[in-house]
Each structure stands twice: as C-alpha cells, then as structure tokens.
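Enquirer: give me a 3D structure for the following:
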Amino acid sequence: QAYSGTPPAEEKEKIIWVRFENADLNDTSRNMEFHEIHSTGNEPPLLLMIGYSDGMQVWSIPISGEAQELFSVRHGPVRAARILPAPQISAQKCDNFSEKRPLLGVCKSIGSSGTSPPYCCVDLYSLRTGEMVKSIQFKTPIYDLHCNKRILVVVLQEKIAAFDSCTFTKKFFVTSCYPCPGPNMNPIALGSRWLAYAENKLIRCHQSRGGACGDNIQSYTATVISAAKTIKTGLTMVGKVVTQLTGTLPSGATEEEILAHSNIRRSPLVPGIITIIDTETVAEGQVLVSEDSDSDGIVAHFPAHEKPICCMAFNPSGMLLVTTDTLGHDFHVFQILTHPWSSSQSAVHHLYTLHRGETEAKVQDISFSHDCRWVVVSTLRGTSHVFPINPYGGQPCVRTHMSPRVVNRMSRFQKSAGLEEIEQELTSKQGGRCSPVPGLSSSPSGSPLHGKLNSQDTYNNFANNNPGNPRLLPLPSLTVVLPLAQIKQPMTLGTITKRTGPYLFGAGCFSIKAPCKSKPAPQISPSKSVGGEFCVAAVFGSSRSWFANNPGLKREKDQSKQFVVESLYIISCYGSLVEHVLEPRPLSTAPKISDDTPLEMMTCPRASWTLVRTPQWNELQPPFNANHPLLLAADAVQYYQYLLAGLVPPGSPGPITRHESYDSLASDHSGQEDEEWLSQVEIVTHTGPHRRLWMGPQFQFKTIHPSGQTTVISSSSSVLQSHGPSDTPQPLLDFDTDDLDLNSLRIQPVRSEPVSMPGSPRPVSDRRGVSTVIDATS
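Expert: Residues are numbered from 1 along each chain as shown. Reported below is the predicted structural model:
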C-alpha cells in the first residue's frame, strides 16, 4: 500500500496483542545517549511489540518518525514477551548473562522442552547470539511477564513468581492472588521497586490507613442502570445455580466461568484488596500476608474497590497507583505514603476517582504521561479515556495543566495570602485545634493540620513536633474527574496523503490533512473482531508528525516546547499506530478565564503508521549485528551500570580510581574515628524566609593567587580597619585599651575592605608584636 498506492490485496496477519515496551533502548535514566536530551533534542524512540497468531514482531519508532523493524519471528502463538532490561549490579552481585544481553523473554504455546502443556514455560533468548540461555518451567499456564532492572516476574493463575534479574534464580513467590475474569487473569503492577497485586483477603493488622473512599457519584441514570443490572445478575445467578445443580455447563462456557464456579464453593474471598510489597526487602520464599506473619517487605495493604481488581499501574515515579475494577465505571488514583516500620503505619491517600461512565467495560491498558499530569485508560471496547490529574491531588484547572511544566500545589498568591489554612479550616471535619480552648490555636501557625489526633496517631506525632506529616490525618479530599477526551479505535483517518522520503521495511508514515468524519470502513466491528475483545495500547511521547509534514527541515530545539501535552500514540489490533495531538484549553463556556477555570480538550489525529505484517514478509531473527539498535542500547546501559557500581567495565583500559581520596583519608586519621566531623551540614538558625548572609553587600569575592609566602596580619592591619569619611585609617578595636568606650564604637554595619592577600600592593605593617600568622599554602 505504501509503495504502490493500490488497495492492499494481500492478507494481513492476525494480531492477538499489542504493547509499548520499556527497555534499554528508551531508558532515559540509564542510557547515556539520552542524558543530554534537552540540549541535543535526542529523544528516546517508541518501542512497540506486536503478538500475532503466529509469532511476534518488535518495532522502533525514533523521533524522526521512520519506523524500523527490530525483530520478527514466526514460531507459533506467543502469549507474552518482554525485552529484559540490563540488571542493576554491584560489587557483590554480578550479571551472569552480561555477554548474552539483550535477552528476550517469551512465553510460547510450544515451550523449549516440547512436552509440557502449552504456555507453561518462559524461554529467555539472547538477541546477541540467537541461542536460548535459560528456560523456566511451570506446572500451570503463564498469563503474563513483567520485568524491571531487579527482577523478572512471571504471573500465573492466582500466583506470582519473581526471579532475580542477574541469575534468574527464584527470589520470592505469592500464592494468595484474587482471580480476575479477564482480560488480565491476575492483574499486577510492577514499578521500579514495588510490586502491587490483588490480595484475596483483608488482614486488619497489616491494613494501611486510608484506602478507597466511597464513590460519591450516583446519578439517576446510574441508579436505574444498577437496578436493571441487579435484576439481570439475579437471573444469571439463577441460571448458574441451575447448571451447577444439574452438573452441566452450557457449551459456550469459558474457562473464567468454570473458574468462577469453583470459586463459589471455596471459602469466601474478599475482592478489591491490594497489597504492595518491596521487592528488595521482602524475604525469600513465600510472601504471606496473614495475622501471624510479620510485615517485612509489605509496603501497603488496603481496600481499593468493592469489585475484583481488573487492571492497575504505577506512575513513572512509583508513588501513584491507578486501579480499576471489573465493572470499569470508576478508576481510583492512590498516593502511597510509606512508613519504614510497618504497612499498618503507611497511609494510602485516595486522591481521585476517574469516572468513565455508567456502562460496563473491561480495562486493558493504563498509561501515564512522563510528568504524571495525564493518565490514559483504554478499555476492551477500543476507547482510550484521557484524564487530567495532579501528582499531589486537587482539582485539575488552567493553572495546573496549561503550562508546559508541572506547577506547585499552591500558587504564590495562595501561599502568601494564607488561603491554604482558611480552606482547610472550612473543609476539614475536625473541630478545634490543639489548644485546650476549642477554636483557639496553640501557636500562631496553628492550622487544622494540627487537628485532634486519635490515640494511634499521638505516639507517632510525639509532642506535635511534626505537624506537616502527610501520613497523618486529615486525609486530602477526594476529587472526581471526568475524561477530557475519549478516543475511539479504529478510526478512519481522513484524507491520508502518502509522504515523501524513504521508507524503512515497508512501514509507511502518513500525515493526515484534516480529521474529517467519513463513513467507517466496512470492516468487522471492533467488539466482534477478537472474540468480543479489541486490543489497543497507548503511550505518551514527543510528537513525530512534525517530521512527517516537513521531512526536509531540521527540528529546532524549542520545536517540542510548543505543546503543553506530549502526543498520545495509540496502536490498535489492525496494526495501525496513530499519533493524536492533545490540546487542552480553558472551558469555552466559562464566563471569564482565571487560574481555576476548568479544562476542555481538543484532539486530532496527526500521523499514522501501518505496522501490521503480511505473510510475505521475511523474518528478522537473531543473531544480530553489533550495530543493531537493541544491542547498542544494551551495551550503553551495561557500561553505565558498571560505572555506577564502581567496577571496571569489560574491555576498558584500567581500574577506576574513585575511592582513592577516601581511602587515603581513612588511613591517615584512623585513630580519630570517634571524633567525627559532620561536614556539609548547614545549620539554619532562623525560620525562613530570611535574607542569607551572602545576599548582602558586605562581602566581596576575589580570586586568590597562591604563593609560598606567609602573610602576617596584625590587629591594626587593613583587615580590621575601616575607612572613615576622611579616609584615614581608624582602628575598629584597639586591643591595648583597658576600658572600651562603647559609645565610640561604630554599631552600624560597615562595608568591609577586601582581605589583604599575598601579592596585593597594600603594605602589611606589624605595629604591635601581637600578630596572627596565616599560612597561605595550607
């Protein structure tokens, strides 16, 4: 289609799943190539994985917009695949597979052994050599793979197994997951260090403070719909009971329904509970949250929904967790505030309820923008909902979302006017403050943050020395947010013009002239396409359509600064990747625009790439050349990891002398270890904001020219003198006088002269024998 312009006659391969991948290739923190992003305009590429009914494919879309195929293979259906990032190493922990990386972890229908049941083993292939370096077998089918630079997580039915990234030995496993009907049979979220999963019961002694607040959206239509639902579920329950009694299942029964049947008979499990564990500190072996277990490694444990959890995701910093339930009406955004002691001391703030709608929909994908001000939730119906949020909570408005940078929670005006305290006074349910007399404050800065503390809080907040502890009450108020945009897939893309310029691997990039509403193409409706499901994945990234429209022009540095929001890239199960430009703006119906004006959003598709494979395409299999993008990225990140750990990267000339100065200091002063000198400690003696010493005019900074002389400074030398109006030297303090006349001393601050230094023209006189000797070479 890209070459000839004729309608495609050949068959396209059927896509089963799509996913945007994070690997070494687009790791901005560890890949040195992207460390100078803002000065070079060198942006990380989008990395995209497509799973077909036969095999899989990996694409890279760099900032130039020219899609490049990195990997393509046909070896039967693939359920899950990940490109494993280079692991974190240290002097004690080295990477056993460093020569083989990058590694691709695959869960195929026919594993390496060939005899085990389908989808029951994870095979790790080296993209450098093409060989299989490790195979991990399981007894039950694998649902998904997740990985970060510390662990590889294998998700099974109601179980999770975690393996060390350096050795692929088993680290820990969880067996108490709550089953979900789908599309994620066992939803988990893996951040850079924390792992969140759906627990099947709530253990009170580990429960964190906070958790889900009641959803305060209940419209008339919702009530009607829920009433209708209750009747419907009542009928289906009757049907299920009848089938259970007769012992027959209807022919169309799915695995999930059978699973549900077996679950009814078992002990009652509690849906909607989430446990977050720290993958570093959690003990090896089984992770068990029970009354008897200690809370080692458990970060938080809280109720998030009333229905079973369907999907969840951490934001890039790992402090926010978005969760969705099986109904899909409302998505919850939680802020996790941990305590080093136990999960029961941690607080989980329910910042937002993102209200999608009143109809039922299953969520398949959640994606954050890099600055965490936007979150996109995609459902199995193929719709992506764009919500504005703030990482610290509060109503999204013009001030927070119309600037290219993240703004503080309080504006300068609100801070200086003390509006925060007044607002809290009104909103907080707490009565008086800490003063024994209700309504009076115990201190001038007394605010409702000092509100009444329950007995559990008092020891933690001992003597009220810590009024601003975010883990303590009152919890921030819940904000309900509606989607600003709903982008439906698949969409017919207006008038698509072919772009000029070279094509890579037959993946065209088209620029779209105008998003006109034409009739939808006569294809299968998305709800019918893949067994009633329609897979999409979304990710935020810098705009690439700018190149598509101006292929000859160089990108200027501030070209990317034009947009307040990054572009949203959505790939559908028809293999078309579309870039949508999002433009938030103040609500057009608002009478006047102020900081607090609500937002609305314009979206329009700008560019499209057709990435679906045809049966005629050749495979692109490892071993790859050393200049393959995935291999180059793995080398760069591994080199960086060696430097971070203070180790010698393989193939580098000599040892890195990083700790030499430290060692020499330690050897010299080994006898004085008890007299530790606290260096680099700034002691602030005033409550800010005050003017710092060095902001005043009484200091001048001069360059020192070191020489071997010693300088003698006496009490009457120019260091201690000030020049009066007649410009005659007047001693500030005469050390010989017995009785000081305090009135004659000048109390007003005096602008000091620069210190007399070696090589300065002013002669240093030694008038009295009392002298201070300063060695300039010391």
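Enquirer: isn't R399 up against D596?
Expert: Yes - R399 lies in contact with D596 (Cβ atoms under 8 Å); the separation is 7.0 Å. The way it works is simple: take the backbone N, C-alpha and C, and place the C-beta from them, glycine included.
Enquirer: the helices in the stretch 351-500 of the chain, which residues?
Expert: Counting by DSSP state H, counting those that start in this stretch, the stretch 351-500 of the chain forms helices over residues 398-401, 412-417, 419-427, 455-460, given from the N-terminal end onward.
Enquirer: rank these by pLDDT, which is bottom?
Expert: Taking each of these in turn, the lowest mean pLDDT turns up on helix 455-460, with a mean of 41.
Enquirer: that older thread, R399 and D596: who's more crowded?
Expert: Relative neighbour count places R399 above the other of R399 and D596, with 15 against 12, counting by other Cβ atoms under 10 Å.
Enquirer: can you tell me how far the closest residue to that one other than its chain neighbours is from N42?
Expert: The shortest distance from R399 to any residue other than its chain neighbours is 3.8 Å, reached at D595 (Cβ to Cβ, 6 or more residues apart in numbering). From D595 over to N42 the distance is 35 Å, taken as Cβ to Cβ, to the nearest Å.
Enquirer: cool, K171 as well?
Expert: Applying Cβ to Cβ to K171 and N42 gives a distance of 35 Å.
Enquirer: what does E13 give?
Expert: As judged by Cβ to Cβ, E13 and N42 stand 33 Å apart.
Enquirer: how about I366?
Expert: When I366 is compared with N42 (using Cβ to Cβ), they lie 28 Å apart.
Enquirer: these two: who's more crowded?
Expert: Residue environment comparison for I366 versus N42 gives the larger neighbour count to I366, 21 against 15, counting by other Cβ under 10 Å.
Enquirer: so who does the more buried one touch?
Expert: Contacts were defined as Cβ atoms under 8 Å, 6 or more residues apart in numbering; by that measure I366 touches C311, M312, A313, V322, T324, F331, V375, V376, V377, S378.
Enquirer: and these, which of them are in strands?
Expert: Within the contacts of I366, residues falling in strands by DSSP state E are C311, M312, A313, V322, T324, F331, V375, V376, V377, S378.
Enquirer: hang on, the second one packs against A196?
Expert: It stands for M312. Yes - the pair M312 and A196 qualifies as a contact (Cβ under 8 Å) at a distance of 5.9 Å.
Enquirer: overlap in contacts, these two.
Expert: Contact criterion Cβ under 8 Å, 6+ apart; residues bridging M312 and A196 by contacting each: I188, A189, I274, L321.
Enquirer: in strands only, show me those residues.
Expert: When those are checked against strands (DSSP E), the matches are I188, A189, I274, L321.
Enquirer: can you pick the most crowded of the residues you listed?
Expert: I274 (30 neighbours).
Enquirer: do I have it right that that residue meets V299?
Expert: No - I274 is beyond contact range of V299, at 10.6 Å (criterion: Cβ under 8 Å).
Enquirer: could you list the low-confidence segments of the stretch 401-550 of the chain?
Expert: When the per-residue scores of the stretch 401-550 of the chain are filtered using pLDDT under 70, the ranges that remain are 419-468, 490-532, 547-550.
Enquirer: neighbours around T589, how many?
Expert: The local packing of T589 (other Cβ under 10 Å) involves 7 other residues.
Enquirer: distance of it relative to N26?
Expert: From T589 over to N26 (counting by Cβ to Cβ), the distance is 40 Å.
Enquirer: one more: A300?
Expert: In this view, A300 and N26 are 29 Å apart by Cβ to Cβ.
Enquirer: higher neighbour count, those two?
Expert: Counted by other Cβ under 10 Å, A300 and N26 do not tie: A300 has more neighbours, with 28 against 20.
Enquirer: wait, is the more buried one part of a helix?
Expert: No - note on A300: no helix contains this position according to DSSP: H, G, I helix; E, B strand; the rest coil, which reports strand.
Enquirer: my guess is it contacts S342. True?
Expert: No - distance between A300 and S342: 10.3 Å, which falls outside the contact criterion (Cβ under 8 Å).
Enquirer: could you pull out the helices for this protein?
Expert: If DSSP state H is used as the criterion, the helices of the chain fall at 37-40, 220-246, 255-265, 398-401, 412-417, 419-427, 455-460, 526-529, 545-549, 629-644, 660-668.
Enquirer: which strands and helices lie in contact with the fifth one?
Expert: Using 3 or more Cβ pairs under 8 Å, 6 or more residues apart in numbering; DSSP states H and E, no helix or strand is in contact with helix 412-417.
Enquirer: lowest average confidence, helix or strand, in the chain?
Expert: Taking all helices and strands of the chain together, the one with the lowest average confidence (mean pLDDT, DSSP states H and E) is strand 496-497, at a mean of 32.
Enquirer: can you pull the contacts of A212?
Expert: Listed by Cβ under 8 Å, 6+ apart, the contact set of A212 reads G272, F302, P303, A304, H305, H332, F334, H350.
Enquirer: what about the strands in the stretch 51-200 of the chain?
Expert: 56-61, 68-73, 78-84, 103-108, 121-126, 132-137, 142-147, 151-156, 159-164, 170-174, 188-190, 194-199 (DSSP state E, counting those that start in this stretch).
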